[in-house]
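Peer 1: Predicted model and sequence follow; I will ask about them next.
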Amino acid sequence: MAGSRTIFVAGAGIGGLTVSLALAARGFRVVILEKSERLEEIGAGLQLSPNASRVLVALGLQPRLAGRAVTPEAISLMSVRSGGEVARLPLGEVAARSGSAASSKTSPPMPRG
Ligand SMILES: Cc1cc2nc3c(=O)[nH]c(=O)nc-3n(C[C@H](O)[C@H](O)[C@H](O)COP(=O)(O)OP(=O)(O)OC[C@H]3O[C@@H](n4cnc5c(N)ncnc54)[C@H](O)[C@@H]3O)c2cc1C
């Protein structure tokens, strides 16, 4: 059934690309329609939340992400007045061990509209 169906996805943003990979993994033929003429990086990077990272890993992208992503050790909230640290949220391996937040930052090509 899936192999005989073609699904058209509008937009090659992270949402369109992710759903396209998921559909392709289930045997659908996917055609992505993107209005931008080319895909390119925008900004400094993209911080992916743990739930988003898990979806990409489940789609088999871990090896490709590993070469481009960095895992910050923590989010540090700083005081403008004193310059000192107000609060610290562990990320990465520390957070993974404790079951709390984990995060990665990567720069996949993104379409510029
Ligand atoms: C400066 C900035 C920094 C950000 N940083 C982060 C971050 O660190 N972490 C994070 O999680 N999120 C971040 N975001 C938000 C994140 O970029 C968006 O939530 C995410 O890109 C949305 O993905 P999307 O696929 O839904 O939409 P989009 O990325 O907007 O993709 C939609 C695509 O559809 C195309 N399109 C639209 N209409 C049509 C049409 N009619 N036909 C064909 N194609 C069409 C567009 O050209 C576009 O390529 C940031 C956003 C900005 C602007």
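Peer 2: Structure's in. What do you need? Source: prediction; values computed, not measured.

Peer 1: For the chain, which residues are neighbours of the ligand?
Peer 2: The chain has residues 10-16, 33-36, 43, 46-47, 111, 113 near the ligand, with proximity defined as Cβ under 6 Å from any ligand atom. Yep, even glycine has a C-beta here, placed from its N, CA and C like the rest.

Peer 1: swap the cut-off to 8 Å and go again
Peer 2: Residues of the chain lying close to the ligand by Cβ under 8 Å from any ligand atom are 10-18, 33-36, 39, 42-43, 45-49, 52, 105, 110-113.

Peer 1: Narrow these to those that are buried.
Peer 2: Among the residues of the chain next to the ligand, those buried by neighbour count (16 or more other Cβ atoms under 10 Å) are 11-12, 14, 16-18, 34, 46, 48, 110-111.

Peer 1: now, the most widely separated pair of the residues you listed?
Peer 2: Largest separation among these by Cβ to Cβ: Glu34 and Leu48, giving 21.0 Å.

Peer 1: Inside helices: which ones of the buried ones among the residues of the chain next to the ligand?
Peer 2: Counting by DSSP state H, those place 14, 16-18 in helices.

Peer 1: So which of those is the closest to Gly60?
Peer 2: Using Cβ to Cβ, Thr18 is the member of those that sits closest to Gly60, with 12.0 Å.

Peer 1: Can you tell me the element the residue lying closest to the closest one once chain neighbours are set aside falls in?
Peer 2: Using Cβ to Cβ, 6 or more residues apart in numbering and skipping the chain neighbours, the partner closest in space to Thr18 is Val55 (6.3 Å). Val55 belongs to helix 50-58 when elements are defined using DSSP states H and E.

Peer 1: I'm done for today, thanks for sticking with me.
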